[in-house]
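Undergrad: predicted coordinates and the sequence they were generated for:
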Amino acid sequence: MRTALLTLAFLTACAGAARAGPPPVLAGHEQGRTVWTGTCEVCHAEPASGAPQLGDAEAWAPRIAKGTTILHQHAVAGFVGPKGDEMPARGGNASLTDSQIQAAVDYMVAASKP
């Protein structure tokens with residue numbers, strides 16, 4: 001029983017460490033940060049989701065290299081990556097407008113550049 005509790009405590013600490021601290025405040029990206037915290041954070045702050053994590057320059061680099069037009073299209077329409085990982089259309093929040101989705105993508109890109 002003690003081992004199970006220690007394992008649970010360790011996993012909880014690791015999950016918390018992966019998302020340590022609030023998302024960065026970036027000038028000019030206020031709307032994107034708001035959308036991110038309201039929708040995108042569910043996957044992009046949870047390593048187990050397979051989504052590139054906010055601030056992970058290495059994971060974002062190949063995506064950023066495709067250009068923001070492609071990133072915007074994938075976020076709005078949805079996308080299934082080569083590993084079968086899925087980006088749901090509009091992050092699963094159908095109430096978001098295209099411009100809100102684009103602002104969130106731009107925020108994640110800005111927060112994830114080296």
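TA: That came in fine, so what should we check first?

Undergrad: may I ask which helix or strand of this structure has the lowest mean pLDDT?
TA: Within the chain, no helix or strand scores below helix 2-18, which has a mean of 37 by mean pLDDT, DSSP states H and E.

Undergrad: point out where the chain drops to low pLDDT.
TA: Low-confidence segments of the chain (pLDDT under 70): 1-20.

Undergrad: list the contacts of the most centrally placed residue in it.
TA: Residue closest to the average C-alpha location in the chain (Cα atoms, centre = their mean): His44, at 2.3 Å. Applying Cβ atoms under 8 Å, 6 or more residues apart in numbering to His44 gives the contacts 36, 51-54, 108. The way it works is simple: take the backbone N, C-alpha and C, and place the C-beta from them, glycine included.

Undergrad: which one of these is nearest Gln100?
TA: If you rank the contacts of His44 by distance to Gln100 using Cβ to Cβ, Trp36 comes first, at 10.2 Å.

Undergrad: using the three-state scheme, assign the residue lying closest to the closest one once chain neighbours are set aside.
TA: Residue nearest to Trp36 in three dimensions, not counting chain neighbours: Ala104, with 5.1 Å by Cβ to Cβ, 6 or more residues apart in numbering. Three-state assignment for Ala104 (DSSP: H, G, I helix; E, B strand; the rest coil): helix.

Undergrad: wouldn't Gln100 be in contact with Trp36 here?
TA: No: Gln100 lies out of contact with Trp36 (Cβ atoms under 8 Å); the separation is 10.2 Å.

Undergrad: who's more crowded, those two?
TA: Neighbours were counted for Gln100 and for Trp36 using other Cβ atoms under 10 Å; Trp36 has more, 23 against 20.

Undergrad: test my guess that that one contacts Met108.
TA: Yes: shown here, Trp36 and Met108 form a contact pair, counting by Cβ under 8 Å, at 6.5 Å.
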